[in-house]
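1. From the sequence below, what's the structure:
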Amino acid sequence: MQIDYHDVSLTFETDATVFSPHGLDRGTAAMLDAAQLNDGSRILDLGCGFGFVATFLAKTLPDAVLTAVDVDPDAVRLTQHNAAANGVRVRALVSDGWGQLNGQTFDAVLSNPPYHTDFKVAKGFIEGAHEHLSDFGKLYMVTKRRTWYENKIRSVFGFVQVTERDGYFVFYAEKRPHKRVAKPNKHGLSKKLARKEAKQHQHANRQ
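-> Predicted coordinates:
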């Protein structure tokens, strides 16, 4: 199967067991249209299906490091095959969500989650994304439902931007590092104030 998207022509093998086996899903296309990604970054395709997202990004961002995971071994096999067939390198792993990604961080995570089921999988995807993203790392997620996803992403990231495209909702969030607050000393003063007080005390003793 050939898929032409944004002036890039790619070939894919699919089968009936994977998501959207007959071509590029409109939701996935909407998510990619919204995504702003940097070449050279570490990108995760979370729930990769037959691997279109990872393969397309590896083709268009040649210096990026692409990882793709799916709970379905057939999907991972197809992703590996399709990446190789299109002359790009993608690390594809069988993983139930974040299970095989412990200790790994990414600069961007893209996901079209199985939103027709309960929210358990999506909840794990969103919470894990915040844990595994680098500071200022980006999450892009697309579904046909808005309210639950918008509220959940905002509760985890503290911020979410929602764009409606072609009947789908694309969610964007960014992991923002917490500001470090100076720790008070035993007297309840910050280190800076404590140093200032000590200098004043030393000056007073000299007089």
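
2. okay, and for the chain, where does confidence drop off?
-> Applying pLDDT under 70 to the chain picks out residues 21, 115-117, 179-207.

3. Which stretches in this protein count as helices?
-> For the chain, applying DSSP state H gives helices covering 26-34, 52-60, 73-85, 120-132, 147-157, 191-206.

4. So which of these is the most surrounded?
-> helix 52-60 (a mean of 24; mean count of other Cβ atoms under 10 Å). (Each C-beta comes from the backbone N, C-alpha and C, glycine too.)

5. Remind me what that one packs against, helices and strands.
-> Applying 3 or more Cβ pairs under 8 Å, 6 or more residues apart in numbering; DSSP states H and E, we find helix 52-60 packed against strand 8-11, helix 26-34, strand 42-46, strand 65-70, helix 73-85.

6. returning to what we had before: now the helices of the chain as TSV including distance to Asp15?
-> Converted to TSV, the helices of the chain look like this (distance: least, Cβ to Cβ, whole Å):
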stretch	distance to Asp15
helix 26-34	17
helix 52-60	14
helix 73-85	7
helix 120-132	22
helix 147-157	29
helix 191-206	61
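
7. Quick check, central residue of the chain?
-> Taking Cα atoms, centre = their mean, the centroid of the chain lies closest to Val109, which sits 1.6 Å from it.

8. hmm, back to that, which among the helices of the chain is found nearest to Glu164?
-> helix 26-34 (8.7 Å; Cβ to Cβ).

9. Give me the domain ranges for this structure.
-> 2-176, 181-207 (automatic domain parsing).

10. now the top strand by length along the chain against helix 26-34, angle please.
-> Longest strand of the chain, by residue count under DSSP state E: strand 133-143. Orientation check (axes from the mean of the first three to the mean of the last three Cα atoms, to 10 degrees): strand 133-143 against helix 26-34 gives 140 degrees.

11. packing partners for strand 133-143?
-> helix 26-34, strand 106-111, helix 120-132, helix 147-157, strand 168-174.

12. would TSV of those with distance to Val94 be doable?
-> Formatted as TSV, the helices and strands packed on strand 133-143 follow (distance: least, Cβ to Cβ, whole Å):
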stretch	distance to Val94
helix 26-34	20
strand 106-111	16
helix 120-132	16
helix 147-157	25
strand 168-174	26
